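# below are the sequence and a predicted model for it; my questions follow.
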Amino acid sequence: MVFGGEIFSGTGILILSAVIILIWVIIEIKRFKHKIFAIFLMILIIFLYFGAVVVFQDRNVDFDSYSGMIDATKIYFSWLSSVFGNFKTMTAGATQLDWKVINETAMT
(Lines give C-alpha, C1' and ligand atoms only; values in the text may rest on other atoms or scores of the structure.)
Protein backbone atom coordinates (compact mmCIF):
# COMPACT_ATOMS: atom_id res chain seq x y z
CA MET A 1 0.00 0.00 0.00
CA VAL A 2 1.24 3.48 -0.88
CA PHE A 3 1.75 5.93 1.98
CA GLY A 4 -1.24 8.31 2.21
CA GLY A 5 -3.14 6.60 -0.57
CA GLU A 6 -6.03 8.84 -1.58
CA ILE A 7 -4.82 11.87 0.42
CA PHE A 8 -1.82 12.48 -1.81
CA SER A 9 -3.56 11.62 -5.06
CA GLY A 10 -3.80 14.17 -7.85
CA THR A 11 -7.44 14.89 -7.07
CA GLY A 12 -6.75 15.44 -3.38
CA ILE A 13 -3.90 17.85 -4.10
CA LEU A 14 -6.05 19.68 -6.65
CA ILE A 15 -8.89 20.13 -4.15
CA LEU A 16 -6.46 21.22 -1.42
CA SER A 17 -4.85 23.72 -3.81
CA ALA A 18 -8.25 25.09 -4.86
CA VAL A 19 -9.28 25.60 -1.22
CA ILE A 20 -6.00 27.38 -0.42
CA ILE A 21 -6.29 29.61 -3.49
CA LEU A 22 -9.94 30.39 -2.66
CA ILE A 23 -9.02 31.41 0.89
CA TRP A 24 -6.17 33.57 -0.42
CA VAL A 25 -8.45 35.27 -2.98
CA ILE A 26 -11.09 36.02 -0.32
CA ILE A 27 -8.45 37.58 1.96
CA GLU A 28 -7.05 39.66 -0.91
CA ILE A 29 -10.52 40.92 -1.89
CA LYS A 30 -11.16 42.07 1.68
CA ARG A 31 -7.76 43.74 1.76
CA PHE A 32 -8.43 45.37 -1.62
CA LYS A 33 -11.71 46.82 -0.32
CA HIS A 34 -9.85 48.33 2.61
CA LYS A 35 -7.19 49.72 0.28
CA ILE A 36 -9.84 51.32 -1.93
CA PHE A 37 -11.50 52.88 1.12
CA ALA A 38 -8.15 54.15 2.42
CA ILE A 39 -7.29 55.66 -0.98
CA PHE A 40 -10.73 57.30 -1.12
CA LEU A 41 -10.19 58.81 2.34
CA MET A 42 -6.75 60.12 1.38
CA ILE A 43 -8.10 61.73 -1.78
CA LEU A 44 -10.97 63.27 0.19
CA ILE A 45 -8.61 64.69 2.81
CA ILE A 46 -6.31 66.13 0.12
CA PHE A 47 -9.32 67.67 -1.67
CA LEU A 48 -10.60 69.25 1.55
CA TYR A 49 -7.14 70.56 2.44
CA PHE A 50 -6.46 72.16 -0.94
CA GLY A 51 -10.01 73.51 -0.93
CA ALA A 52 -9.31 75.24 2.37
CA VAL A 53 -6.05 76.63 0.99
CA VAL A 54 -7.84 78.06 -2.04
CA VAL A 55 -10.71 79.49 0.01
CA PHE A 56 -8.61 81.15 2.70
CA GLN A 57 -5.59 82.36 0.72
CA ASP A 58 -7.08 85.81 -0.06
CA ARG A 59 -9.15 86.21 3.11
CA ASN A 60 -8.03 87.64 6.40
CA VAL A 61 -9.56 85.17 8.84
CA ASP A 62 -8.62 85.10 12.53
CA PHE A 63 -8.20 81.43 13.44
CA ASP A 64 -7.26 82.27 17.04
CA SER A 65 -10.68 83.49 18.17
CA TYR A 66 -13.99 81.68 18.44
CA SER A 67 -15.79 84.19 16.20
CA GLY A 68 -13.00 83.87 13.61
CA MET A 69 -13.40 80.10 13.58
CA ILE A 70 -17.17 80.46 13.14
CA ASP A 71 -16.60 82.84 10.21
CA ALA A 72 -14.03 80.47 8.67
CA THR A 73 -16.45 77.55 9.01
CA LYS A 74 -19.25 79.54 7.35
CA ILE A 75 -16.96 80.59 4.48
CA TYR A 76 -15.60 77.07 3.95
CA PHE A 77 -18.96 75.31 3.99
CA SER A 78 -20.44 78.00 1.73
CA TRP A 79 -17.66 77.28 -0.76
CA LEU A 80 -18.12 73.53 -0.37
CA SER A 81 -21.86 73.77 -0.99
CA SER A 82 -21.24 75.87 -4.10
CA VAL A 83 -18.83 73.18 -5.38
CA PHE A 84 -21.48 70.49 -4.94
CA GLY A 85 -24.08 72.80 -6.50
CA ASN A 86 -21.84 73.22 -9.54
CA PHE A 87 -21.42 69.44 -9.81
CA LYS A 88 -25.20 69.07 -9.63
CA THR A 89 -25.64 71.62 -12.42
CA MET A 90 -23.02 69.90 -14.60
CA THR A 91 -24.59 66.49 -14.03
CA ALA A 92 -28.06 67.78 -14.84
CA GLY A 93 -26.73 69.38 -18.01
CA ALA A 94 -24.92 66.20 -19.03
CA THR A 95 -28.05 64.08 -18.65
CA GLN A 96 -30.00 66.40 -20.96
CA LEU A 97 -27.47 66.08 -23.81
CA ASP A 98 -28.11 63.83 -26.79
CA TRP A 99 -25.73 60.90 -26.21
CA LYS A 100 -26.95 58.73 -29.10
CA VAL A 101 -24.51 57.57 -31.73
CA ILE A 102 -26.64 59.13 -34.45
CA ASN A 103 -27.71 62.68 -33.77
CA GLU A 104 -31.29 62.74 -35.04
CA THR A 105 -31.64 66.52 -34.77
CA ALA A 106 -28.79 67.11 -37.23
CA MET A 107 -30.39 64.92 -39.92
CA THR A 108 -33.42 67.14 -40.53
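In hand now; what should we look at?

# switch to C-alpha atoms for all contacts and neighbour counts from now on
Noted.

# can you list the domain ranges for the chain.
As assigned by automatic domain parsing, the chain contains the domains 1-58, 60-96.

# could I get these as TSV with distance to Ile102?
Converted to TSV, the domains of the chain look like this (distance: least, C-alpha to C-alpha, whole Å):
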stretch	distance to Ile102
domain 1-58	37
domain 60-96	16
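
# ok, now which ones touch the residue most central in space within the chain?
What sits nearest the mean C-alpha location of the chain, by C-alpha atoms, centre = their mean, is Phe40, with 4.0 Å. Phe40 is in contact with no residue at all, counting by C-alpha atoms under 8 Å, 6 or more residues apart in numbering.

# quickly find the element holding it.
Element membership of Phe40 [criterion: DSSP states H and E] is helix 10-56.

# next helix or strand past that helix?
helix 66-95.

# just want the angle from that following helix to helix 10-56.
If you take axes from the mean of the first three to the mean of the last three C-alpha atoms, to 10 degrees, helix 66-95 sits at 120 degrees to helix 10-56.

# mind listing what's buried in helix 66-95?
Under the neighbour-count criterion of 16 or more other C-alpha atoms under 10 Å, helix 66-95 has 72, 75-76, 79-80 buried.

# now distance to Trp99 and pLDDT too, for those residues, in TSV please.
Shown next, in TSV, are the buried residues of helix 66-95 (distance: C-alpha to C-alpha, whole Å; pLDDT from 0 to 100):
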residue	distance to Trp99	pLDDT
Ala72	42	89
Ile75	37	91
Tyr76	36	91
Trp79	31	91
Leu80	30	91
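
# on that earlier part again, just give me the lowest mean pLDDT stretch among the domains of the chain.
Mean pLDDT is lowest for domain 1-58 out of the domains of the chain, coming in at a mean of 81.
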